[in-house]
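K.L.:
got a sequence here, can you model it:
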Amino acid sequence: MSDLQDFLCVVPDVPGTLNARLEVRSEHLANAKRLGDEGVATFAGAMVKSHTLAEGASAPDFLGSTLVVKARDHEHARELLSKDVYVKKGVWDLANAQIYAFKRVI
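P.N.:
All right, here's what the predicted structure looks like:
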């Protein structure tokens, strides 16, 4: 992977897709674990509106996801994201994803 560099990916959710997110979350997490085990994803997590659940809520108010992936360039990073079930099921708004070349310090 020596020709690969880090890219910070900030991927918003499409509004109103909480149910779809929860339906395929286990598949998404299994894929994230595989990418982590392969060294392709080195950091990943959900962005949420608050660390506490709203009264009566069974899940956080998800805003999207943030990942650091190893890729050749911006297009390769976007290609990696496009294979995730969250894109295929319309949860992630890939058209509005922000992808930045990233220089890791720690």
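K.L.:
just checking, what packs against the helix ranked longest in the chain?
P.N.:
If each helix of the chain is counted by residues according to DSSP state H, the longest one is helix 18-37. For helix 18-37, the helices and strands in contact under the criterion 3 or more CB pairs under 8 Å, 6 or more residues apart in numbering; DSSP states H and E are strand 41-48, strand 62-71, helix 85-88. Where you see a C-beta, it was placed from the backbone N, CA and C, and this is true even at glycine.
K.L.:
if we use 7 Å, what do you get?
P.N.:
Using 3 or more CB pairs under 7 Å, 6 or more residues apart in numbering; DSSP states H and E as the contact criterion, the neighbours of helix 18-37 among helices and strands are strand 41-48, helix 85-88.
K.L.:
list the buried residues in it.
P.N.:
18, 20-21, 24-25, 28, 31-32, 35 (16 or more other CB atoms under 10 Å).
K.L.:
return the alpha-carbon coordinates of it using PDB.
P.N.:
As requested, C-alpha coordinates have been extracted for helix 18-37 and formatted as PDB (Å, rounded to 0.1, in the frame of the first residue of the first chain):
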ATOM      1  CA  LEU A  18     -32.600   6.800   9.700                       C
ATOM      2  CA  ASN A  19     -34.700   3.600   9.200                       C
ATOM      3  CA  ALA A  20     -32.700   2.600   6.100                       C
ATOM      4  CA  ARG A  21     -29.500   3.200   8.000                       C
ATOM      5  CA  LEU A  22     -30.600   1.000  10.900                       C
ATOM      6  CA  GLU A  23     -31.800  -1.700   8.600                       C
ATOM      7  CA  VAL A  24     -28.400  -2.200   6.900                       C
ATOM      8  CA  ARG A  25     -26.200  -1.100   9.800                       C
ATOM      9  CA  SER A  26     -24.900  -4.600  10.600                       C
ATOM     10  CA  GLU A  27     -23.800  -5.100   7.000                       C
ATOM     11  CA  HIS A  28     -22.200  -1.600   6.900                       C
ATOM     12  CA  LEU A  29     -20.300  -2.400  10.200                       C
ATOM     13  CA  ALA A  30     -19.100  -5.700   8.900                       C
ATOM     14  CA  ASN A  31     -17.700  -4.000   5.800                       C
ATOM     15  CA  ALA A  32     -16.100  -1.300   7.900                       C
ATOM     16  CA  LYS A  33     -14.400  -4.000  10.100                       C
ATOM     17  CA  ARG A  34     -13.100  -5.700   6.900                       C
ATOM     18  CA  LEU A  35     -11.700  -2.500   5.600                       C
ATOM     19  CA  GLY A  36     -10.100  -1.800   8.900                       C
ATOM     20  CA  ASP A  37      -8.600  -5.300   9.100                       C
END
